[in-house]
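**Q** Quick one, structure for this:
(chains A and B)
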Amino acid sequence: MVEFTLPANSRPTKGTVHKAESGATNVRAFHVYRFDPDTGDNPRIDTFELDLDKCGPMVLDALIKIKNEVDATLTFRRSCREGVCGSCSFNIDGTNTIACTKPISEIKGDVKIYPLPHMPVIKDLVCDLNQPYAQYAAVEPWIKADTPPPNRERLQSEEERAKLDGMWECILCFCCQTSCPSYWWNGDRYMGPAVLLQANRWIQDSRDEATGDRLDELDDPFRLYRCHTIMNCSNTCPKNLNPGRAIGEIKEALAKRL
Amino acid sequence: MEMQSHLARARGLGSTKHGVGHWWAQRLTAVALIPLSLWAVASAISLGGADYATYHAWISELGNLVLMLCFVTALFHHAQLGMQVVIEDYVHGETAKVTLLIATKFIAIIGAFSCIVAALKVALSG
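**A** Got it, this is the predicted structure:
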């Protein structure tokens, strides 16, 4: 039945407050979600006051500054620091986004940083993404063609290539995936916006010869049709892509062959 | 303990391969219900407070009878399609879910047939 009570560890408590160094004038407070699986203690929200005059402009700069200078145990994923790797996706200021391209100046007041919503937390801001990764693998995101490859690359017209715009740019940060209520309630069976956008990237690819099989695999009340066009996915995408539209294109393709 | 691989869980029991039918039926009935609902509401207002003879004469007209049967069919079909989605979204216990889904279908069928039989009985009675 519907669960009306929250599972254990759902309500974080107040944690440690790390004050800014004396003499700092441009101070901003960062409230960061902390969970340590080794202690198993209830999650807490630590507060770090930083001098923005001595910090880079992005939220990721603040997290790195905290880890380097205040609390080395703070755990989070990051790599490219320029919005192409998709590692540093968190819930920042109430919205899923990647910390490296989110300017601190865009946030009014204190900065709240939580892990991506509704995923199992491994430690601090690191959540378990095994489920969406496996779902991504399940849509077999590679070209499938029976026609033997020519001696050169498989050709594509400019119009055919243009159909992939807005999809190839996806960095699989799963901001959209974890912002979707349908994915929260039925993530075990619903593929989710990020994975469906990737599926559509291959459905729309003129070089792929398995379109019908791909549509067969998605023609399912849960895998695809749990999308109720809530559109949180398109609102939250840090790359300004439109997973909602991609899902619409899959539904359109399925309707065309009715 | 679950030792199944993540990929095995993601693939689950596989695709049912018939999701589009439900989706299409929900949209078709929704579109049909726009004019049908307007007609039904307008008819109810214009007939408000009338006696049995007036209703009898109204539903005996072939156009009204056909529209009434279309309205009732589309309405109950659309309602049970929508309820099914809501239940699948929010009810996760397998027993409760299956029970509610079956109950929804039965109630919709009983409701639809009650309305259809009532309309036909009145319309076809002398």
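**Q** How about the stretch 1-150 of chain A: which residue is closest to chain B?
**A** Closest to chain B within the stretch 1-150 of chain A is A:A134: 3.5 Å, counting by Cβ to the nearest Cβ. For glycine as for every other residue, the C-beta is placed from the backbone atoms N, C-alpha and C.
**Q** from memory that residue sits against B:A10, does it?
**A** Yes. Look at A:A134 against B:A10 with Cβ atoms under 8 Å: they come within range, at 3.9 Å.
**Q** Chain B: helices as residue ranges?
**A** Residue ranges of the helices in chain B, as given by DSSP state H, are B:6-11, B:19-47, B:52-60, B:62-90, B:94-124.
**Q** my bad, the stretch 151-258 of chain A
**A** Assigned by DSSP state H, counting those that start in this stretch, the helices in the stretch 151-258 of chain A fall at A:158-162, A:181-186, A:193-203, A:211-218, A:232-236, A:243-256.
**Q** outside of the fourth one, which residues touch it?
**A** Which is helix A:211-218. Here helix A:211-218 makes contact (Cβ atoms under 8 Å, 6 or more residues apart in numbering or on different chains) with A:139-140, A:144, A:191, A:196, A:199, A:202-203, A:208, A:223-224, A:250, A:253-254, A:257, B:15, B:17, B:19.
**Q** Apply 6 Å and report the result again.
**A** Residues from elsewhere that reach helix A:211-218, judged by Cβ atoms under 6 Å, 6 or more residues apart in numbering or on different chains: A:I203, A:L224, A:I250, A:A253, A:L254, B:S15, B:K17.
**Q** Also the fifth one?
**A** Applying Cβ under 6 Å, 6+ apart, the set of residues contacting helix A:232-236 from outside is A:T95, A:N96, A:C175, A:C176, A:S179, A:C180, A:P193, A:N242, A:P243, A:G244.
**Q** hang on, the earlier thing: and of the helices of the stretch 151-258 of chain A, who's closest to A:L6?
**A** A:L6 sits nearest to helix A:181-186 of all those, at 13.1 Å, using Cβ to Cβ.
**Q** List the buried residues of that closest one.
**A** With burial defined by 16 or more other Cβ atoms under 10 Å in any protein chain shown, the residues of helix A:181-186 counted as buried are A:S182, A:Y183, A:W185, A:N186.
**Q** can I assume A:M119 is in contact with A:C127?
**A** Yes. A:M119 lies in contact with A:C127 (Cβ atoms under 6 Å); the separation is 3.9 Å.
**Q** Give me the more crowded residue out of the two.
**A** More neighbours surround A:C127 than the other of A:M119 and A:C127, with 23 against 20 (other Cβ atoms under 10 Å in any protein chain shown).
**Q** thinking again about what came up before, out of the helices of the stretch 151-258 of chain A, indicate the one that is most buried.
**A** Highest mean neighbour count of these: helix A:193-203, a mean of 26 (counted as mean count of other Cβ atoms under 10 Å in any protein chain shown).
**Q** other SSEs contacting that helix?
**A** Helix A:193-203 is packed against helix A:243-256, with contacts defined by 3 or more Cβ pairs under 6 Å, 6 or more residues apart in numbering or on different chains; DSSP states H and E.
**Q** thinking again about what came up before, for the residue of the stretch 1-150 of chain A closest to chain B, give me its contacts.
**A** Contact analysis of A:A134 by Cβ under 6 Å, 6+ apart lists B:H6, B:L7, B:A10.
**Q** all strands for the stretch 51-200 of chain A, in order.
**A** Secondary structure of the stretch 51-200 of chain A (DSSP state E, counting those that start in this stretch): strands at A:89-92, A:95-98, A:111-114, A:121-123, A:126-127.
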